[in-house]
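Colleague: Compute the structure for the input listed below.
(2 chains)
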There are 2 protein chains.
Amino acid sequence: MGNQFSFECQARCRHTQARAGTFSTPHGIVETPRFMPVGTLANVKTITPAQLQATGAQMVLANTYHLHLQPGEAIVAGAGGLHQFMGWSGPTLTDSGGFQVFSLSQIRTVNEEGVTFRSPRDGQIIHLTPEKSIAIQNTLGADVIMAFDECPPYPATRELVAAATERTTRWLERCVVTHQRPEQALFGIVQGGVYPDLRQASARSLVAFDLPGYAIGGVSVGEPAELIEQIVKVTTPLLPEEKPRYLMGIGTYREMAQAIAAGIDLFDCVIPTRLARHGNALVQGERWNLKNARFQEDFTPLDPTCDCYTCKVFSRAYLSHLLRSQELLAYTLLSIHNITQLIAFTQRIRAAIIGDRFTTEFAAWLTAAKLPT
Amino acid sequence: MGNQFSFECQARCRHTQARAGTFSTPHGIVETPRFMPVGTLANVKTITPAQLQATGAQMVLANTYHLHLQPGEAIVAGAGGLHQFMGWSGPTLTDSGGFQVFSLSQIRTVNEEGVTFRSPRDGQIIHLTPEKSIAIQNTLGADVIMAFDECPPYPATRELVAAATERTTRWLERCVVTHQRPEQALFGIVQGGVYPDLRQASARSLVAFDLPGYAIGGVSVGEPAELIEQIVKVTTPLLPEEKPRYLMGIGTYREMAQAIAAGIDLFDCVIPTRLARHGNALVQGERWNLKNARFQEDFTPLDPTCDCYTCKVFSRAYLSHLLRSQELLAYTLLSIHNITQLIAFTQRIRAAIIGDRFTTEFAAWLTAAKLPT
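Modeller: Down below sits the predicted model:
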């Protein structure tokens, strides 16, 4: 890890692998555990950086795949890099494009060299390799960049997953060689599908690279939630204590609480903004659809216990009205609330770990039973 | 005028009828001349009240017609009235619905009693009368409410316009009788189409009611811009000096400058948010379409002379990227800028009137020649 990145563990849970830490980056610190909002196309959908900051966001994601297609990394660099382009002065992270290529694109060929796919944007044939992903991410300029990985689907045979996992390690080596900028931290991504021994083999092979951080990828691709917890539990013990651990694409209360108990520090998910666009709010651990008739004349704040702008200023009746009127402001106000809630959840867990109350205060989320959210 | 409303003239132009004033309402003052943003459905499209306040907005509009259809005035009242419902603590104004009924609805019948129309929302048959419009506006609770008028189309025969104008005066009498709340100021609306003598007759008949303010309505319905200036010029001299004057639906630089020269104090228009939704920005007196290829790699602020959030944080290239990505945040950022620009234009005119520089500083906008915006 370069001088510009460090991870300090401030407190450890006595009953689980949970830990409270501080991840330092060139653009500021991330207090862990922490949920990270997703700004796929260099903006968190419908909210401004000023509104995002007020949600408690520290590190924000953007996506290499999407930004390569539009506007192209040269334009982001021309603006002075990702931070300046999107108006976010705090820490940033770019995903490598691996997950998106394998989940969003019409793939033409996958071979040892890389992936050739057809852009859903304009039908253009695009070739992405570990070298190219890292070069794009070096050009974009996020604080944390991710290795280019092969993300197998679910379900998939053991043979297919083993091959993708081994290739991910070989691709990581090419990523490490290509990576040029010490002010960016390259994280490796553990693959291995739902096969515990493949996950562990992947983790061991990645740790040999002594990277500044490690992620668990290829989860939340359709497998049962129980399997995610199991995968995380068998993987984290093999990842170094002194480096941040990031569980990719996860953002429900239960999954985050259980992953934190297994030693995860960072999370990202598009769920808070996606829920908002469907009129849903995270309230008291549940998902409420504000289009529901019962909210039309409900003049209480969305969540009286929430400190976000939406809850301080507006009623459920007003949000219901905006949704029924198809006013876009509804999506902004619900996104602000949902992101605030997910970040606040991880902040409360952090405080509980420091205060030695994690397993008691969050007992309901740590049980195996599937809870509403 | 009740005790809660007053209009103080602070400065007069020596060469025109322009004036700088202060209109006091129960929810604060409006420094005139001033552009008022439109929040049709109790929100200014895509921006929050906090963002709206930062644009310099003082008085904000909402619409009786739209709010009656959704969510209904009872729900707005249940929330504590329009201000609390929409989270705007400053002055508000509701339009009576007259203009919208005559321009947006499928009208079934118009007679002396009122208008019957089919709601474009759900096909429901709705009956609106002067009494009903005022009752709805009393329930909504804006600081300023507007008389229910018959707004003739353009072009229309002198006979048709004369009949609508005389009916508007008879309807005003019913509005005055119905109006119940002294904390709301009822403004009359001058009609008369493009016929100067009908406009003057309308103004004289309205002034007899000694209302707290007067509007000029039925403009910007398709007539040439030159006719609007002419209508305003022949009407304002008949409206009392000590009351605010409001030109409805107008919001271009040239039309506002010329109307201010004729003695107008207040303006409203949906143009800043509508332009934003089409990717257009008001920059240096022009309309720029940010989708234009020339902005893709233009890293300068949208308008380096503008103090709005959008111009302080983002580049033209970023706005171009958001529009090309169909990210809704583009509409928010362009709306913030466009509203800021229109308000700033009226603020600069106000300062120029006070500083005795109006006709020199704004000479370009006061000439008859049609300028770009």
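Colleague: hey, let's count contacts and neighbours off CA atoms from now on
Modeller: Noted.
Colleague: and the angle for the helix of greatest length in chain A with helix B:329-354?
Modeller: In chain A, assigned by DSSP state H, the helix with the most residues is helix A:329-354. Angle of helix A:329-354 versus helix B:329-354, following axes from the mean of the first three to the mean of the last three C-alpha atoms, to 10 degrees, is 110 degrees.
Colleague: Which is the succeeding secondary structure element to helix A:329-354?
Modeller: Under the assignment DSSP states H and E, the closest C-terminal helix or strand after helix A:329-354 is helix A:358-361.
Colleague: need the residues of the stretch 201-350 of chain A near chain B, please.
Modeller: When proximity is defined as C-alpha under 8 Å from any C-alpha of the partner chain, the stretch 201-350 of chain A approaches chain B at A:296-297, A:299, A:313-315, A:317-318, A:321-322, A:324-325, A:327-329, A:332.
Colleague: and of those, the nearest to A:L198?
Modeller: Closest approach to A:L198 among these (C-alpha to C-alpha): A:T332, at 41.4 Å.
Colleague: list the contacts for the closest one?
Modeller: Counting by C-alpha atoms under 8 Å, 6 or more residues apart in numbering or on different chains, A:T332 touches A:K45, A:T46, A:I47, A:A276, B:T46.
Colleague: Over to A:S133?
Modeller: A:T64, A:S96, A:G97, A:A147, A:F148.
Colleague: try A:P153
Modeller: Per C-alpha under 8 Å, 6+ apart, neighbours of A:P153: A:G218, A:V221.
Colleague: Nearest spatial neighbour of A:Q180, chain-adjacent residues omitted?
Modeller: A:N138 (7.1 Å; C-alpha to C-alpha, 6 or more residues apart in numbering or on different chains).
Colleague: Tell me how many other residues surround that neighbour.
Modeller: Per other C-alpha atoms under 10 Å in any protein chain shown, the neighbour tally for A:N138 reads 25.
Colleague: And it, which helix or strand is it part of?
Modeller: Assigned by DSSP H and E, A:N138 falls in helix A:130-140.
Colleague: give me the low-pLDDT residue ranges for the stretch 151-300 of chain A?
Modeller: For the stretch 151-300 of chain A, no stretch is flagged by pLDDT under 70.
Colleague: let's go with 90 and repeat that
Modeller: A:225 (pLDDT under 90).
Colleague: A:L329 and B:N43: what is the separation?
Modeller: Distance, A:L329 to B:N43, using C-alpha to C-alpha, to the nearest Å: 8 Å.
Colleague: Over to the residue of the stretch 1-150 of chain A found nearest chain B: give its phi and psi.
Modeller: Closest to chain B within the stretch 1-150 of chain A is A:T46: 4.6 Å, counting by C-alpha to the nearest C-alpha. Dihedral angles phi and psi of A:T46 (degrees, to the nearest 10) take the values phi 70, psi 0.
Colleague: Number of residues surrounding it?
Modeller: Neighbour number of A:T46 under other C-alpha under 10 Å is 27.
Colleague: With adjacent residues omitted, what lies nearest to it?
Modeller: B:L329 (4.6 Å).
Colleague: Which pLDDT does the model give the residue of the stretch 251-373 of chain A at minimum distance from chain B?
Modeller: Residue of the stretch 251-373 of chain A nearest chain B, by C-alpha to the nearest C-alpha: A:L329 (4.6 Å). A:L329 is assigned 98 on the pLDDT scale.
Colleague: how about it, what does it touch?
Modeller: A:L322, B:N43, B:K45, B:T46, B:I47, B:T48.
Colleague: quick one: the closest residue to the fifth one other than its chain neighbours from A:H127, how far?
Modeller: It stands for B:I47. Closest residue to B:I47 apart from its sequence neighbours, by C-alpha to C-alpha, 6+ apart: B:T332 at 5.7 Å. Distance, B:T332 to A:H127, by C-alpha to C-alpha: 35 Å.
Colleague: Correct me if wrong: A:L322 contacts A:A330.
Modeller: Yes: at 5.4 Å, A:L322 counts as touching A:A330 under the criterion of C-alpha atoms under 8 Å.
Colleague: Specify which residue of the two has the higher count of neighbours.
Modeller: Using other C-alpha under 10 Å, the more surrounded residue of A:L322 and A:A330 is A:A330, with 30 against 25.
Colleague: quick one, helices of the stretch 51-200 of chain A?
Modeller: Taking DSSP state H, counting those that start in this stretch as the criterion, the stretch 51-200 of chain A carries its helices at A:64-69, A:73-78, A:82-86, A:98-104, A:130-140, A:158-178, A:196-207.
Colleague: for those helices, which one sits closest to B:E131?
Modeller: helix A:82-86 (51.1 Å).
Colleague: chain center to the closest one, what's the gap?
Modeller: 19 Å (C-alpha atoms, centre = their mean, to the nearest Å).
Colleague: again, but for stretch A:153-163
Modeller: Distance, centroid of stretch A:153-163 to centroid of chain: 23 Å (C-alpha atoms, centre = their mean).
Colleague: do stretch A:286-302 as well
Modeller: So, by C-alpha atoms, centre = their mean, the centroid of stretch A:286-302 is 28 Å from its chain's centroid.
Colleague: first vs last residue of it, how far apart are they?
Modeller: Start-to-end, stretch A:286-302 (C-alpha to C-alpha) is 12 Å.
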